[in-house]
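Q: Generate a structure from the sequence data that follows.
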Amino acid sequence: MSPFLPAQAAVWFEIPVTDMNRARTFYGAVLQNELADMEGPNPMARFAARDEDSVAGHIYPGKPAPEGTGITIHLAVAAPLEAAMERVTANGGKVVSPIIPIPAGRFVYCLDPDGNSFGLFA
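A: Here you go, the predicted model:
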C-alpha cells in the first residue's frame, strides 16, 4: 500500500488571540489584507487568499502559547519584505530574526502582539 500523499501538507491553521479587534488590525496592517468574519463555533476572522479552496486560516479568541513557544506559520506578503517588517513593529509586534534567504525567496521570524510566532515570506 502506498502512503497517503495530500496535495499540500497544511490544510488550515488557527491562531489564538486575546483581543480579536487588535489582532484583526495587526494582521490586516501587516499583510495589507482585511480578515473576513466567518461563521463558526466561536468568533473567527479568516485570512485573505486568492481562492476559497486555498490553504488559509483564521484568528479566534483563545489562549496563545507563551511568547515564541508555539508553532510558527509563515504568511505571504508582497515584496519588499523590509516594508512588511516595518509594519510588524509599527503595529505592536516584534521582528525576532534577520532576513533569511532560501532558494524560494526570503523570510523573517516575528511575534504578534500576543506573542504568537509567525514568519513573513516574500
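Q: Give me the helices and strands touching the lengthiest helix in the chain, please.
A: Ranked by number of residues, the top helix in the chain under DSSP state H is helix 20-31. Applying 3 or more Cβ pairs under 8 Å, 6 or more residues apart in numbering; DSSP states H and E, one finds that helix 20-31 makes contact with strand 44-46, strand 57-61, strand 73-76, helix 81-90. C-beta: built from backbone N, CA, C; applies to glycine.
Q: give me that answer again for 10 Å
A: Applying 3 or more Cβ pairs under 10 Å, 6 or more residues apart in numbering; DSSP states H and E, one finds that helix 20-31 makes contact with strand 13-17, strand 36-38, strand 44-46, strand 57-61, strand 73-76, helix 81-90, strand 117-121.
Q: quick one: average confidence on the last one?
A: Meaning strand 117-121. On average, the pLDDT along strand 117-121 is 97.
Q: who does it touch, helix- and strand-wise?
A: strand 13-17, helix 20-31, strand 73-76, helix 81-90, strand 100-102, strand 105-111.
Q: next structured bit after the fourth one?
A: Past helix 81-90, further along toward the C-terminus, the next helix or strand under DSSP states H and E is strand 94-95.
Q: could you give the mean pLDDT of that following strand?
A: If you average the pLDDT over strand 94-95, you get 98.
Q: burial measure for the closest residue to residue 71 other than its chain neighbours, as a count.
A: Nearest non-adjacent residue to residue 71, counting by Cβ to Cβ, 6 or more residues apart in numbering: residue 117, 7.1 Å away. Look at residue 117: counted by other Cβ atoms under 10 Å, it has 19 neighbours.
Q: for residue 38, same thing?
A: Using other Cβ under 10 Å, residue 38 has 11 neighbouring residues.
Q: Go ahead and confirm it touches residue 46.
A: Yes - counting by Cβ atoms under 10 Å, residue 46 is a contact partner of residue 38 at 5.0 Å.
Q: how near is residue 41 to residue 60?
A: Going from residue 41 to residue 60 by Cβ to Cβ, to the nearest Å gives 9 Å.
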